[in-house]
Every structure is written in structure tokens, then in C-alpha cells.
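Asker: got a predicted model here, sequence first, then my questions.
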Amino acid sequence: MRTLFLNPPSFDGFDGGAGSRYQARREVKSFWYPTWLAQPAALIPGSKLIDAPPHGITAEQALATAEHFDLVVIHTSTPSLRNDIRFVAALKARRPETMVGFIGAHAAVLPEETLRACPSLDFVARKEFDFTIKEIAEGRAVSETPGVSYWDRDKNEIAHTPERELLMDMDQLPFVTPVYKRDLDIEKYYIGYLKHPYVSLYTGRGCFSRCIFCLWPQTIGGHRYRVRSPEHVVEEMKLAASLFPNVREFFFDDDTFTDNRPRAEEIARRLKPLGLTWSCNAKANVPYETLKVMRECGLRLLLVGFESGSQEILNNIRKGIRVDRAREFVRNCKQLGIKIHGTFILGLPGETRETMQQTMDYARELDVDTIQVSLAAPYPGTELYARALANGWLKQEGLVDEHGLQEASLEYPDLSKDEIFRAVGTFYRSFYMRPRPILRIVSEMARDREEAQRRLREGAEFLRFFSERRHAVS
């Protein structure tokens, strides 16, 4: 079947797509690669991938392309679901015979609800869907394909096939970078803390950690870290370096690349002869020895989820890290010259005005290079969502507003969602409006003209973003 993989247009600047863990507009223009779509696309010869948001593709343009395909696979998310349903209805009105399926975390955990919300939809591919889509594209009936929920049109009811087992031999998956080269403009992808242009990809799926808020491990990837062999990873990196000679940084987007430290070190050592600059997700417990190996082999930056400065909250969310250990980790990274982008979350279970202030103080104490502050987002399928329902914390189902900005969905007896929402702006100001971060940014701009232009653009975007947020809460 002629197969199109599509991340449809949505809110302006909305990175809700097939790669983002936090599906919302960010403070500065940010787009992750649609790896969850690119991976099955790589399995199907002649397929096409459209990532509409970063490429500025309108709904009409996407529809005009989609109506020429037999199978259209759409990545949906909790925030973008309504928009995606409208797109499916419009596509089916133009070409009723097109088979349309949804993939993504929301559809994986709520397949029946998703199908009922979108009667035009033909099927949902649950959980790990790469080979599910491949088999459907090859002509296998959805009723005979594992891992599918679908409309049985003859009976006018929803049916489910048995669950598909998770893929354990990750080397069976082909490289995604040729799909990027064929269908994407890498200049359109921005992440504020990564050098531009960058390329991101996965070297494994799943995460040992049990954080109650984290999306992919609880919905698709699971809690076993299933990995590609170091040889397989390095072969793709060699290819990627030749396909994208202008890329300044590669990012390993595994939930926690450092979960398997011996493997992380081996991949690093194999990358060293290639002379690539790379970064990855890490937990704040990586020992000095591993950090040193990775740094000597091209590591530039670690993306680290600190989440909170309250040990009680970290325990509540099963983060599996101590604040004192995280302090030591940061000191080690600074000693080795490894940059850190730290992420923090406000509104997690146990949050109070005092713990929010504690987290802001903690972030200033750590003084990592850059930060991201998010609102606790109770995605369906996560333990956070289940706890919120059980305890009456969930005050609204929507995770974003009509502009794609994150909304505060959780509220506690002594802490309103509006207070949590406003604290995000306070957090950013308390961190960045200090001499040390300002000096870091100015120094980077002075050393690199391209970096200076980028930071000026991001600064303007940042101010516009918070102007919108202030208007939203007023």
C-alpha cells in the first residue's frame, strides 16, 4: 500500500508530535524529530513522512498530499487529538477508501475511547507499532494483525487483536537517518540547548526508572531498557555524519541513555574516532568515571531531569535520586566541562508553596547551564494521571490551551492551579535574572556570531511567550 506517515499541522509552533515528551509550545521555538514515525517509515519501501509543524505545512497542503495514499498513519497525542480527529474527517470526506490509523501514547492506552471519538478512523496501533504498521502496509488484514484495535464495520463495533510482544532485538530496526535525509529539512529543527542544526535518534527504548509522570516508558516503551548493539549505533552514526555534514550535534534521545553505563561507555569509545559532538539524556547519578569517558569521547551536554528540590516530592514520584547525589553529579560535570540542561517540574504530588520555593533555590544552587520549567502533565496511561483521578487533583482534562501553551491541570487542597501556573514565570526569572547566567549567555554570544543571532531570536521568543502566558492567566 502507498503509505504516508504524518504528523499533522496543529497549534502554531506546537511540538506535539512524534518525538516530544512534553507536547506543547515551548518558551522558544523547539521541534524534536518525529522518530516514532520515521522508524516504521524506514521499514516500508516507498513510504513518505510529512512532519507538518516545523515545515510550516498547512492542513490543506497536508490533505492534498494525503489523498494520494492508500494508508495514512497519523501520530496523535492527548493535546492534539481533537485537531487530528478533524483532519481524519476531512481526509475521509475527500477519499473515503483511504485507510487511516493512529499511533502514539494516547491511542496506545485509550484505543477504544480514541476510536469512538473518531468514527472515521479505521484503526489504532497500540504500544510498539513498527511491525504492526509494516504488516498492514503489506496487505495483512487489521483483524489478523497483532497489536491493533479497529472498527469492525460489518458489526459496527470495536474489536481488538491480541497484544504484540515488545521487540527485544532492536537491531532489527533499520536506521532512521535515511528517512530524515529523504523527507525532512534538518534546518527546521531547533532545540534551545542543542547546537543548530542537530539530529536526534534513539539507540534503545524503555527505561528502568519508575517516575510516575514520564510518558513513553508507561505507555509504549516499557521499563526494560531494550537497546541496539554498539556496532549498530556506530554504523548509523557513520552514515549520519556522511548524510548530514553540516550537523553540529547529535542527540541520543533514549529515555535514559546512561541506564546501561558499560554500553554507554563502549558507544562513546567507538564514537571517538569519528570526532562527533554528541549529547544525551542522563540521570543525575552517573559516576565520575563514566562521565569522564563520555566527555573524552565527544560528549558535550547532558539533559537531566532534576524535577524538584524537595526530597519528599522526589520520593513521591519515585524518581530514584537523592538531592545530595545530584549535587555531587553536577559538581563532577562542571569539573569535566560537561554542560547540563536541567529540567524541573512544578505541581507534582506533594507540592506546596514552600516546596516550589525550595526547588527554585535548588536550581540556583546547582547553577546548571540552562533550565526548562514545566507544569506537571497528567497524561492518560501514567500513574500520575491515575493518582490525580483517585485523589481529585485533576481540575481539567486539557493539558494545553487553545494556543498550545501548557496549562496547569492539577490542584491541591492548599495550592491552586493558578498559583502553580504563575510560579513557572517566577522560576525562570529567579534563575536567569542573575549575573552568572547572564554572563554565560553574553560570553557565548561574544564567541560565536551565529550563536549570538540565535540567542537574540530566542530571547525575543521567550519574552513573547511569557507575555502570552500572562494574558492567559489574567
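Answerer: Done, it's in. Note that this is a predicted model, so its numbers are computed, not measured.
Asker: now do the SS call for Phe421.
Answerer: helix (DSSP: H, G, I helix; E, B strand; the rest coil).
Asker: pretty sure it is touching Ala408, no?
Answerer: Yes: counting by C-beta atoms under 8 Å, Ala408 is a contact partner of Phe421 at 4.1 Å. Any C-beta I mention is one placed from the backbone N, CA and C, and that applies to glycine too.
Asker: between those two, which is the more surrounded one?
Answerer: More crowded of Phe421 and Ala408, by other C-beta atoms under 10 Å: Ala408, with 24 against 20.
Asker: you'd agree the more buried one is in a strand?
Answerer: No: with three-state DSSP as the criterion, Ala408 is assigned coil and is not in a strand.
Asker: re the thing from before, what sits in contact with each of Phe421 and Ala408?
Answerer: Leu375 (C-beta atoms under 8 Å, 6 or more residues apart in numbering).
Asker: tell me the first helix or strand C-terminal of the host helix or strand of Asn315.
Answerer: Assigning secondary structure by DSSP states H and E places Asn315 in helix 311-316. Sequence order places helix 323-336 as the next helix or strand after helix 311-316, per DSSP H and E.
Asker: now that next one - C-alpha only, CSV.
Answerer: Extracted in CSV, the C-alpha atoms of helix 323-336 (Å, rounded to 0.1, in the frame of the first residue of the first chain):
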residue,chain,number,x,y,z
VAL,A,323,19.3,15.7,46.0
ASP,A,324,22.8,15.3,47.6
ARG,A,325,23.8,12.8,44.9
ALA,A,326,22.5,15.2,42.3
ARG,A,327,24.7,18.0,43.7
GLU,A,328,27.8,15.7,43.5
PHE,A,329,26.8,14.8,39.9
VAL,A,330,26.6,18.5,38.9
ARG,A,331,30.0,19.2,40.5
ASN,A,332,31.5,16.3,38.6
CYS,A,333,30.1,17.6,35.3
LYS,A,334,31.3,21.1,35.9
GLN,A,335,34.8,19.8,36.7
LEU,A,336,34.9,17.8,33.4
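Asker: buried stuff in that helix?
Answerer: For helix 323-336, burial by neighbour count (16 or more other C-beta atoms under 10 Å) applies to 323, 326, 329-330, 332-333.
Asker: contact partners of the helix holding Asn315?
Answerer: Counting by C-beta under 8 Å, 6+ apart, 212, 307-308, 321-323, 348-351, 355 sit against helix 311-316.
Asker: for stretch 455-465, same thing?
Answerer: Residues contacting stretch 455-465 (C-beta under 8 Å, 6+ apart): 25-29, 192, 405, 441, 444-445.
Asker: mind jotting down where the helices sit in the stretch 101-250 of the chain?
Answerer: Assigned by DSSP state H, counting those that start in this stretch, the stretch 101-250 of the chain shows helices spanning 105-109, 111-117, 130-137, 177-183, 215-216, 230-243.
Asker: out of those, nearest to Thr382?
Answerer: Taking C-beta to C-beta, helix 215-216 is the member of the helices of the stretch 101-250 of the chain nearest to Thr382, at 6.6 Å.
Asker: sweet, I'm off.
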